[in-house]
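Q: Sequence unavailable; structure follows:
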Ligand code: ATP
Ligand code: MG
């Protein structure tokens, strides 16, 4: 059957007419209801998730979030008191974009990438779409490069790799933020010449502004702000801004990823994000359920002075082990084993009156290893130091030191090895692996260091 060209033209004309009419009516909706920073809008059936909309009466913008059959939930970006029932809402067809790139480093921005730090405008030429839905389980490359935390207990027993999603979980005031901030501070090493730089994004959700300011100050004091972006939606910001903050952080991180670089994004914390979710009556993909492990922090440990208060028995890292530095893998196996034995014997030792020799030794060793794994704030360890320290602990070197001398001996040992055995130190830090030769050298160095320390301290 033949169709004449005129027929086609006329059909097209008819269709185009329909389309024009559609633009007029169907791309403009009406506010049904306003509250909690959200406008419920009727009459925008073509609206996409994350699309920018406009309230022409006020010039305020909004973000379409939950799309239901007959209405759209619009997050109001701006003063919601200016929006009233019956107002017009127009689709823009545009997805919200935020500035990204290196211009954001050292800056404090809100969930839309707007500066909050009085440091002038963000001179960024690049933008990234702000995707406001949590990604599902995405295709990822296997984890093969470590992301060093600088925290001994983590890098040895719960190693995290680049590309991994690790949850830090714990009661109030157990050191969650501190661990994450230390993670960021330790990335400073990656920005040294020859390093593989990790850019950091710290997303503060629903926190008091004073707490965020403290984190920013800590980062600045430790020279970590230069490679870090801070995204803030504080407790006094709207639910909408709090809801969007993690997505903004992700978009800023994706910029680096898409350039083949590395980024560490800290979301502090997602319980606040979940609260904002609920306030938007939104049904989330559970972000928390898609992780590759958890670091558990416990109040009991924290109050017993074991800080960072990581419960190493129940903390896990599912993929990071693949990327763990070889030398660390070599010493950490024994550490994990001895810590596990210690937990077992410590549990019943409280009730037993006389313990056999081997149990006593396990207790003694475990106590010293626990002591060794304590670590102050903002003092991340390099891998070489961590390996030296853990090797000393697991080889029994600390067993006859008083507990309160363990920390002191550790620093003594670092200085001693660097001074007296510089080649061994160099070899370890360049190869990051131990062979029997190097192991012998380190053992010898350890023995001498202990003797010198005991003499210095008058320990017999
Ligand atoms: P919140 O639940 O309020 O967010 P949090 O779990 O993030 O708390 P932090 O704010 O990191 O905990 O730490 C709580 C307190 O413990 C802070 O005063 C911090 O300085 C201190 N602290 C955390 N880790 C250590 C550590 N390794 N050594 C000494 N003090 C620490
Ligand atoms: Mg915190």
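A: Everything's here; your move. What you are looking at is a predicted structure, and each value in this text was computed from that prediction instead of being measured. Ligands and ions are numbered 1, 2, ... in the order given.

Q: Run a quick neighbour tally on the closest residue to residue 31 other than its chain neighbours.
A: In this structure, residue 31 finds its nearest non-sequential neighbour in residue 87, 4.4 Å apart by Cβ to Cβ, 6 or more residues apart in numbering. (C-beta placed from N, C-alpha, C; glycine too.) Residues near residue 87, counting by other Cβ atoms under 10 Å, number 18.

Q: Using the three-state scheme, assign residue 168.
A: With DSSP: H, G, I helix; E, B strand; the rest coil as the basis, the three-state label of residue 168 is strand.

Q: Number of residues surrounding the residue in the stretch 351-460 of the chain positioned nearest to ligand 2?
A: Nearest to ligand 2 in the stretch 351-460 of the chain, going by Cβ to the ion, is residue 377, at a distance of 12.9 Å. The number of residues packed near residue 377 is 15, by other Cβ under 10 Å.

Q: any idea how far residue 345 is from residue 375?
A: 24 Å (Cβ to Cβ, to the nearest Å).

Q: What is the helix or strand containing residue 217 packed up against?
A: For residue 217, the element it lies in under DSSP states H and E is helix 209-221. Judged by 3 or more Cβ pairs under 8 Å, 6 or more residues apart in numbering; DSSP states H and E, helix 209-221 is in contact with helix 176-186, strand 198-205, strand 228-233.

Q: what about that helix, near ligand 2?
A: No: contact between helix 209-221 and ligand 2 is absent, the nearest approach being 7.1 Å (criterion: Cβ under 5 Å from the ion).

Q: Can you confirm whether that helix lies near ligand 1?
A: No: residues of helix 209-221 contacting ligand 1 under Cβ under 6 Å from any ligand atom: none, with a closest distance of 7.5 Å.

Q: ok now that helix, how far from the chain's centre?
A: In terms of Cα atoms, centre = their mean, to the nearest Å, the centre of helix 209-221 is found 16 Å from the chain centre.

Q: Taking strand 228-233 as reference, get the angle to it.
A: Angle of helix 209-221 versus strand 228-233, following axes from the mean of the first three to the mean of the last three Cα atoms, to 10 degrees, is 180 degrees.

Q: Can you list the buried residues in helix 209-221?
A: Going by neighbour count (16 or more other Cβ atoms under 10 Å), the buried part of helix 209-221 is 212, 213, 215, 216, 218, 219.

Q: What of stretch 75-90?
A: Judged by neighbour count (16+ other Cβ under 10 Å), stretch 75-90 contains these buried residues: 75, 76, 77, 78, 80, 83, 87, 89.

Q: Write out the residues of the chain neighbouring ligand 2.
A: 176, 177.

Q: can you rerun that using 6 Å?
A: Within the chain, the positions lying close to ligand 2 (Cβ under 6 Å from the ion) are 176, 177, 268.

Q: Next one: the first one from residue 115, what distance?
A: Using Cβ to Cβ, one obtains 27 Å as the distance from residue 176 to residue 115.

Q: cool, and residue 100?
A: The separation that residue 100 has from residue 115, given Cβ to Cβ, amounts to 14 Å.

Q: go on, residue 161?
A: 33 Å.

Q: Of those two, which one has the most company?
A: For residue 161 versus residue 115, neighbours defined as other Cβ under 10 Å are more numerous around residue 161 (22 against 15).

Q: For that one, grab phi and psi.
A: Backbone dihedrals for residue 161, given as degrees, to the nearest 10, come out at phi -110, psi 160.

Q: And the pLDDT for it?
A: Note for residue 161: predicted pLDDT of 96.

Q: Who are the contact partners of it?
A: 143, 144, 145, 146, 147, 319, 320, 322, 323, 324 (Cβ atoms under 8 Å, 6 or more residues apart in numbering).

Q: beta partners for it?
A: residue 146 (DSSP bridges).

Q: what's the neighbour count on residue 228?
A: 27.

Q: Which residues does the one helix or strand residue 419 maps to contact?
A: Assigned by DSSP H and E, residue 419 belongs to helix 406-420. Contact partners of helix 406-420, identified using Cβ under 8 Å, 6+ apart, comprise 368, 371-372, 374, 385, 388-389, 392, 398, 401, 424-425, 442, 445-446, 448-450, 452-453, 456-457.

Q: repeat for stretch 259-272
A: 145, 147, 162, 176-177, 180, 183-184, 187, 190, 196-207, 235, 242, 246, 249-250, 252-254, 256-257, 273, 287-288.

Q: 6 Å - rerun?
A: 162, 177, 180, 198-206, 246, 249, 253, 256, 287-288 (Cβ atoms under 6 Å, 6 or more residues apart in numbering).

Q: Stretch 204-218: how far from the chain's middle?
A: So, by Cα atoms, centre = their mean, the centroid of stretch 204-218 is 15 Å from its chain's centroid.

Q: could you pull out the helices for the stretch 51-200 of the chain?
A: 152-157, 176-186 (DSSP state H, counting those that start in this stretch).

Q: Give the other helices and strands that the shortest one contacts.
A: Helices and strands touching helix 152-157, as assessed by 3 or more Cβ pairs under 6 Å, 6 or more residues apart in numbering; DSSP states H and E, comprise helix 326-349, helix 383-394.

Q: Quick one, which of the contacts of helix 406-420 are buried?
A: 368, 371-372, 374, 385, 388-389, 392, 398, 401, 424-425, 442, 445-446, 449-450, 453.

Q: Out of those residues, name the ones that lie in strands.
A: Counting by DSSP state E, no part of these is found in strands.

Q: residues contacting the residue of the stretch 351-460 of the chain closest to ligand 2?
A: For residue 377, the contact set (Cβ under 6 Å, 6+ apart) comprises residue 178.

Q: tell me the pLDDT at it?
A: Residue 377 carries a pLDDT value of 97.

Q: And residue 288, by the same measure?
A: Looking at residue 288, its pLDDT is 53.

Q: Let's have the residues of the chain next to ligand 2 in a markdown table, adding neighbour count.
A: A markdown table is the format used below for these (neighbours: other Cβ atoms under 10 Å):
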| residue | neighbour count |
| --- | --- |
| 176 | 21 |
| 177 | 21 |
| 268 | 24 |
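
Q: Closest to residue 356 out of the residues you listed?
A: residue 176 (39.3 Å; Cβ to Cβ).

Q: Touching, that closest one and residue 168? I think so.
A: Yes: using Cβ atoms under 6 Å, residue 176 is in contact with residue 168, at 5.0 Å.

Q: quick one, what contacts residue 145?
A: Contacts of residue 145 by Cβ under 6 Å, 6+ apart are 162, 323.

Q: so where's the stretch 201-350 of the chain uncertain?
A: For the stretch 201-350 of the chain, applying pLDDT under 70 flags the ranges 277-280, 282-289.

Q: residue in it nearest to ligand 2?
A: residue 268 (5.8 Å).

Q: do the same with the chain
A: Closest point on the chain to ligand 2, by Cβ to the ion, is residue 177, at 3.2 Å.
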